[in-house]
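> 3D model of this:
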Amino acid sequence: MEEDEEDHPPGLILPNGDINWECPCLGGMASGPCGIEFRNAFSCFHYSKAEPKGSDCYEAFLTMQECMSHFPEVYPPAKERPESDDLKQLTGDNNDLGGLVELEDDSNLKRDSQSSSTE
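Reported below is the predicted structural model:
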């Protein structure tokens, strides 16, 4: 492992553009009872070419939200969740795609700054 990799652990998006499902910023959502649904929805959003980004992922997010509604003890409604910066950034204030855009954009900025600092 290079020294730079130790100083900067991977974020949400790996240097090769893949999603890092182990990122703590996901708050375990990728491995919970609706992990498959979450991964499908987030993958759809991440790889979406639609404008606005993710607008072609409505069904995947609907399926994820339907699954989450069956596990309120694991996925409490937004108004009942404890305030967590990572979770707020992931889901946005209204559980819309805005939070995903911000999370992905932040990850890309970190990756880009790490790349430019090693050049």
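
> hey, let's count contacts and neighbours off CA atoms from now on
Noted.

> excluding its backbone neighbours, what's nearest Trp69?
One correction, residue 69 is Ser, not Trp. Tyr75 (7.4 Å; CA to CA, 6 or more residues apart in numbering).

> just say helix, strand or coil for that neighbour.
The assignment at Tyr75 comes out as coil when based on DSSP: H, G, I helix; E, B strand; the rest coil.

> give me the pLDDT for it.
Per-residue confidence at Tyr75 stands at 88 (pLDDT).

> just use 645 as the starting number from now, easier for me
New numbering, starting at 645: the last item is Tyr719.

> how near is it to Phe682?
Separation of Tyr719 from Phe682 (CA to CA, to the nearest Å): 12 Å.

> looking at those two, which is more packed in?
Comparing Tyr719 with Phe682 by other CA atoms under 10 Å, the one with more neighbours is Phe682, at 22 against 18.

> got phi/psi on that one?
Here is the backbone geometry of Phe682 (degrees, to the nearest 10): phi -60, psi -50.

> which residues does it contact?
With contacts defined as CA atoms under 8 Å, 6 or more residues apart in numbering, Phe682 is in contact with Met673, Ala674, Phe705, Met708.

> and the second one, how many neighbours?
This means Ala674. By other CA under 10 Å, neighbour count at Ala674 equals 19.

> so it makes contact with Trp665?
Yes: using CA atoms under 8 Å, Ala674 is in contact with Trp665, at 6.3 Å.

> overlap in contacts of those two?
In contact with both Ala674 and Trp665: no residue, using CA under 8 Å, 6+ apart.
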